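Asker: Just to be clear, the model below is a prediction. Sequence and coordinates:
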Amino acid sequence: MADNLIAPSILSADFARLGEEVDNVLKAGADIVHFDVMDNHFVPNLTIGPLVCEALRKHGVTAPIDVHLMVNPVDRIIPDFAKAGATYITFHPEASLHIDRTLQMIKDLGCKAGLTFNPATPLHYLDHVMDKLDMILLMSVNPGFGGQSFIPSTLDKLRLVRKRIDESGFNIRLEVDGGVNAANIREIKAAGADTFVAGSAIFGKPDYKAVIDEMRAEMAK
Ligand code: DX5
Ligand code: ZN
């Protein structure tokens, strides 16, 4: 399995100083930037779009940007994110009528493609698309807001998906998003995750490096 990646969610960053916040969290040891896109339709909140992704690239961010689309419909915004410099683009299967087509579109645009599962979304959406996936993202909260508590049933779901990935032989990252912190990251990793989104746990503390170091130390135990 590839290295464990820490993906701070900029949803909890100070938006008035976003470029600086992203620079600081990457300097503190983060691996990829988790970019939450909400449309006040698929989820009850409204955030940022392709212009902000492009602005981060223009600012000089070279780290992978992991775009988590919580929007419906999903297809028409994808080319704009590819153009804006997204590395990963993941979407929720409920937001696409043609999941295979959406995944293929992301790949054809040169990005890495992923499917995101809400806590109660069944895994059968994986059945015929494993060969098109670079990432599977399991939500460990109901999407829409940072700062919620990790839903424990995600651990069983992670174990199921880890098994499916390993049996498939494909190189697919397993990401978890919601309520991840230094106190629970070890058991989340043990359940099979290799990519860890953390918003409030990192941006809610003054010293980003201390939190990220603590997360890595917990995972190494
Ligand atoms: C929730 C978002 C998450 C969120 C995570 O809808 O997808 O990425 O920002 O925030 P924390 O880590 O605070 O739960
Ligand atoms: Zn997210």
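Answerer: Received, thanks. Numbers count the residues shown, from 1 in each chain. Ligands and ions are numbered 1, 2, ... in the order given.

Asker: how about the residues of this protein that lie near ligand 2?
Answerer: Neighbours of ligand 2 within the chain, by CB under 5 Å from the ion: 36, 68, 177. C-beta coordinates here come from the backbone N, C-alpha and C atoms, glycine included.

Asker: let's see it at 6 Å
Answerer: 9, 34, 36, 68, 177, 197 (CB under 6 Å from the ion).

Asker: With pLDDT, neighbour count and secondary structure as added columns, please give those in CSV.
Answerer: Shown next, in CSV, are the residues of the chain next to ligand 2 (pLDDT from 0 to 100; neighbours: other CB atoms under 10 Å; DSSP: H, G, I helix; E, B strand; the rest coil):
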residue, pLDDT, neighbour count, secondary structure
S9, 98, 24, strand
H34, 99, 27, strand
D36, 98, 24, strand
H68, 99, 28, strand
D177, 98, 27, strand
V197, 99, 28, strand
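
Asker: which of those residues come close to ligand 1?
Answerer: Residues of the residues of the chain next to ligand 2 in contact with ligand 1 (CB under 6 Å from any ligand atom): 9, 34, 36, 68, 177, 197.

Asker: can you map out the helices along the chain?
Answerer: 18-27, 50-59, 78-83, 99-108, 154-168, 185-190, 200-203, 208-220 (DSSP state H).

Asker: what are the bridge partners for the closest residue to I48 other than its chain neighbours, then?
Answerer: Leaving aside its sequence neighbours, I48 sits nearest to V37 (CB to CB, 6 or more residues apart in numbering; 6.5 Å). With DSSP bridges as the criterion, V37 is bridged to L69.

Asker: ok, V37 to K132 distance?
Answerer: Noted for V37: a distance of 21 Å to K132, by CB to CB, to the nearest Å.

Asker: Neighbour count for the two, which is higher?
Answerer: V37 (25 against 18; other CB atoms under 10 Å).

Asker: dump the residue contacts of A191.
Answerer: For A191, the contact set (CB atoms under 8 Å, 6 or more residues apart in numbering) comprises 154-156, 158-159, 162.

Asker: For G114, name its beta-bridge partners.
Answerer: Applying DSSP bridges, one finds that G114 bridges with T90, M135.

Asker: related to what we said a few turns ago, kindly reformat the helices of the chain as TSV containing mean neighbour count, mean pLDDT and distance to G144.
Answerer: Output for these, formatted as TSV (neighbours: other CB atoms under 10 Å; pLDDT from 0 to 100; distance: least, CB to CB, whole Å):
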stretch	mean neighbour count	mean pLDDT	distance to G144
helix 18-27	17	98	20
helix 50-59	16	98	18
helix 78-83	18	98	19
helix 99-108	18	98	21
helix 154-168	17	98	16
helix 185-190	18	98	21
helix 200-203	23	98	14
helix 208-220	17	98	23
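
Asker: Kindly reformat those as JSON lines and extend each row with distance to ligand 1.
Answerer: As requested, the helices of the chain are arranged in JSON lines below (distance: least, CB to the nearest ligand atom, whole Å):
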{"stretch": "helix 18-27", "distance to ligand 1": "13"}
{"stretch": "helix 50-59", "distance to ligand 1": "15"}
{"stretch": "helix 78-83", "distance to ligand 1": "15"}
{"stretch": "helix 99-108", "distance to ligand 1": "18"}
{"stretch": "helix 154-168", "distance to ligand 1": "12"}
{"stretch": "helix 185-190", "distance to ligand 1": "11"}
{"stretch": "helix 200-203", "distance to ligand 1": "3"}
{"stretch": "helix 208-220", "distance to ligand 1": "11"}
